[in-house]
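Asker: Below: sequence and its predicted model.
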Amino acid sequence: MKARVFSGVQPTGNLHIGNYLGAIKNFAALQHDYECIFCVVDLHAVTVYQNPAELRAKILEIAGLFVAAGIDPKVSSLMVQSAVPQHAELSWMLTCVTPVGWLYRMTQFKAKAEQARGLSEAGRDDALVSVGDGLLQYPVLMAADILLYNAAIVPVGEDQAQHLELTRDIAARFNSLYGETFVVPATRLPAVGARIMGLDDPEKKMSKSATGSGHAIALLDPPDAARKKIMRAVTDTMPAVDFDHMGPGVANLLAIFQGFSEWPDDRMRRHFEGKRYGDLKKEVAEMVISHLAPLQQRYREITADPKYLADVLADGARRVSPAAEATVRTVKQRMGLYAE
């Protein structure tokens, strides 16, 4: 039996080349060796207000880009979180066994709390009142997403590593209270992709939630926009590429080129050693554009038929539902809840 992989992506912001090189490209290759479930986690997105029409459109955009990037819906299950109600149902049951102190220690909630502490008493009350409870509880929903399918492998970035550790803790606590029920997931994928940093700040990972216009290259960026962003990317004070003394900006551009080209290190060094930054950027731009072009064309073909994606997502939900229903039934039985 193949090990099960679960990965979720929020339908907010724009998928970019960092998402592609760091994850999606590898998912397309791994889907034939693992049982893969790829989920558009729309329930996570509404922990903060989302325009309903924009959210619905973004859900379909994310799903379309996954297929365009090589995820085969006949091989992998591609679905939307809210289409499988057991995600929310299991989340409540796990909330009831999760100490609130564990949630208060989560970095994102702590950041909101720290921000509030710097305000006046009245301002602090207003700030905490305005923070939705979903911000505190969504790590439990993430745990439910994973444990619902007893996923053995969950690829996450460093920003979600703490939440995956919480998932492991919740699974272990439930197993201790009610008997062995959940698979405790591993913390990393056997093969990982490139770590792509922001073009405007190579000290920070490229993020789809960043607002800077020159930060990331979206998978749907037109060629001129992608080229402009790369030509403005941060480099360093050296005049040309020096593999022994390069700054993070130059290293990032080389990582982008290598991620798309798959050139080995020795070829990268032979080709780029001593190359001036303007020439480096031109080559990176052409490499990126040449690889995004077929992906974008495939995306246009996919989205030209709205029924196609609707059918893909409905089929994905149907395929994962038996596993989700079985897990919730078992959890109910273990906890003493009513289960037919």
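Answerer: It's in. Being a predicted model, the structure only gives us computed values, none of them experimental. Numbering: from 1, shown residues only.
Asker: hang on, Val75 is in a helix, isn't it?
Answerer: No. Under DSSP: H, G, I helix; E, B strand; the rest coil, Val75 falls outside any helix and is assigned coil.
Asker: can you give me the helices in the stretch 101-250 of the chain?
Answerer: For the stretch 101-250 of the chain, the helices defined by DSSP state H, counting those that start in this stretch occupy 107-117, 121-130, 133-147, 161-178, 223-231, 248-261.
Asker: so which of those gets nearest Glu35?
Answerer: helix 133-147 (13.9 Å; CB to CB). Glycine gets a C-beta too; all of them are placed from N, C-alpha and C.
Asker: what's the offset of the closest one from the middle of its chain?
Answerer: 15 Å (CA atoms, centre = their mean, to the nearest Å).
Asker: Export that helix to CSV, keeping only CA atoms.
Answerer: C-alpha atoms of helix 133-147 as CSV (Å, rounded to 0.1, in the frame of the first residue of the first chain):
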residue,chain,number,x,y,z
ASP,A,133,-11.7,32.9,17.2
GLY,A,134,-10.8,31.1,14.0
LEU,A,135,-7.3,32.5,14.3
LEU,A,136,-6.9,30.7,17.6
GLN,A,137,-8.6,27.5,16.5
TYR,A,138,-7.4,27.1,13.0
PRO,A,139,-4.3,25.0,13.9
VAL,A,140,-6.8,22.4,15.2
LEU,A,141,-8.6,22.5,11.9
MET,A,142,-5.2,21.9,10.2
ALA,A,143,-4.7,18.9,12.5
ALA,A,144,-8.1,17.6,11.5
ASP,A,145,-7.3,18.0,7.8
ILE,A,146,-4.3,15.8,8.2
LEU,A,147,-5.6,13.3,10.7
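Asker: can you tell me the average pLDDT over it?
Answerer: The pLDDT scores in helix 133-147 average 90.
Asker: again with stretch 226-233
Answerer: Stretch 226-233 shows an average pLDDT of 97 in the prediction.
Asker: May I see the buried residues of it?
Answerer: Buried residues in stretch 226-233, counted by 16 or more other CB atoms under 10 Å: 226-227, 229-230, 233.
Asker: What pLDDT does the model give the closest residue to Ala171 other than its chain neighbours?
Answerer: Excluding its sequence neighbours, the residue lying closest to Ala171 (CB to CB, 6 or more residues apart in numbering) is Phe182, at 4.1 Å. Note for Phe182: predicted pLDDT of 95.
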